[in-house]
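Trainee: Structure for this input, please:
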Amino acid sequence: MIPREHIAATSSLLTELPMTLSHGTTLRRFAAVALAIAGAAGAPLAAHAQTAVANFNTLTESSPGSGTRFIGNCYRESGFLFTAVGVPCTGDASANAFLAAGANSPLFGGGATPSLLLNSPMATLISVSRTDGGAFSFTSIMLAPFDGAATSVTFTGMRAGGNVTRTVNLTGSQMGFSMFSFADFFSGVTSVQIAASNQFGEPLVKFDDFTAMVDSNVIPEPSTYVLFGTGLVLLVFVTQRRRMKS
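Mentor: Okay, the predicted model is just below:
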C-alpha cells in the first residue's frame, strides 16, 4: 500500500497534466509522477506495535533424561539478545553462561517447558536488548525461585529520558512460576537489566516468557511501484503518438 500523502501528491500531478506532447512537457510531468510513485516504495508505513515473546521452548534437554541444556552467552531469540554482563560472547567462558532446563530437571521442577537461569560465576547481571538495537516496552515475565530460595529480583529499564527500576520478591515456598506484569512502566527502553539475589546471596532466579511490545515497520516492495510508474509513462507516450498519427 502506498502512503496516503504520496497518493495525494500523485493525484494532484495527474489532474494538472495537459493532453499534449508539445516540447516534451507532458512526458516530463508523467516522469515526475512515476518518480513520486517509486519514491513511495521506499517510505515505511506507520509503525505498528506487536507482541514479541522469548519462551525458550526450543532449548530442550541436551541428552534424554538430563532435563538440562547449557547455553552460550549472547543468546538470541524472538529478536531479543540475552547477555550475561561481563562475560564474552565467544570462547570457553561463554559456553555455559546460561542453563536451560524443564520439568525433567531435578533442580528445575515446577516448569513444564524450558526456562532460563544465569549460570556463569563471572556474572551477577543479565541484560536483555533488541538484536536490532531498537527500543521496546517490556511488559511481563514469568519468575520462579531457584532451589526453593527466597529471592529478590530488580529490573532496570535503560532509556534516554531516565532509567526506571522495579523490584519484585519471590518466597521460598512458591510453587512453580508466577507472572509479573508491568503495563507501560518499562516503555521505550533500549535494554532491561535483571539482577537477582536470593537468601544465600546467589544471583539465581528462573525466568521464562520474557514479553515485550516492539514496533514493526512495514516497507512496501519497491519493484511494484517502479514498474507501475514506468508503465504509466510508456502507456501515455504510446497513446499520444497514436493520436498524433490519426
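Trainee: So which residues of this protein form strands?
Mentor: In the chain, the segments counted as strands under DSSP state E are 48-54, 68-71, 75-77, 80-84, 98-101, 115-118, 126-130, 136-145, 151-158, 164-170, 178-189, 191-198, 205-216.
Trainee: Turn the ones you listed into TSV, columns for mean neighbour count and distance to residue 91.
Mentor: Glycine gets a C-beta too; all of them are placed from N, C-alpha and C. Rendered in TSV, the data for the strands of the chain read as follows (neighbours: other C-beta atoms under 10 Å; distance: least, C-beta to C-beta, whole Å):
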stretch	mean neighbour count	distance to residue 91
strand 48-54	14	24
strand 68-71	20	14
strand 75-77	16	15
strand 80-84	22	13
strand 98-101	25	15
strand 115-118	25	18
strand 126-130	21	18
strand 136-145	22	29
strand 151-158	19	26
strand 164-170	15	32
strand 178-189	15	29
strand 191-198	20	23
strand 205-216	20	25
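Trainee: quick one: low-confidence ranges for the chain?
Mentor: Scanning the chain with the threshold set as pLDDT under 70 gives 1-47, 107-111, 217-246.
Trainee: Okay, domains of it per the record?
Mentor: According to automatic domain parsing, the chain is divided into the following domains: 4-46+220-245, 48-216.
Trainee: Span of the longest one from start to end?
Mentor: Okay, so that is domain 48-216. Its first and final residues considered, domain 48-216 spans 5 Å by C-alpha to C-alpha, to the nearest Å.
Trainee: now residue 124: how far from residue 84?
Mentor: Counting by C-beta to C-beta, to the nearest Å, the gap between residue 124 and residue 84 amounts to 9 Å.
Trainee: Between those two, which contacts overlap?
Mentor: Counting by C-beta atoms under 8 Å, 6 or more residues apart in numbering, the residues touching both residue 124 and residue 84 are residue 118.
Trainee: mind listing what residue 93 touches?
Mentor: Residues in contact with residue 93, defined by C-beta under 8 Å, 6+ apart, are 73, 87, 120, 122.
Trainee: and the gap between the closest residue in space to the first one that isn't next to it in sequence and residue 191?
Mentor: Residue nearest to residue 73 in three dimensions, not counting chain neighbours: residue 97, with 3.6 Å by C-beta to C-beta, 6 or more residues apart in numbering. Counting by C-beta to C-beta, the separation of residue 97 from residue 191 is 17 Å.
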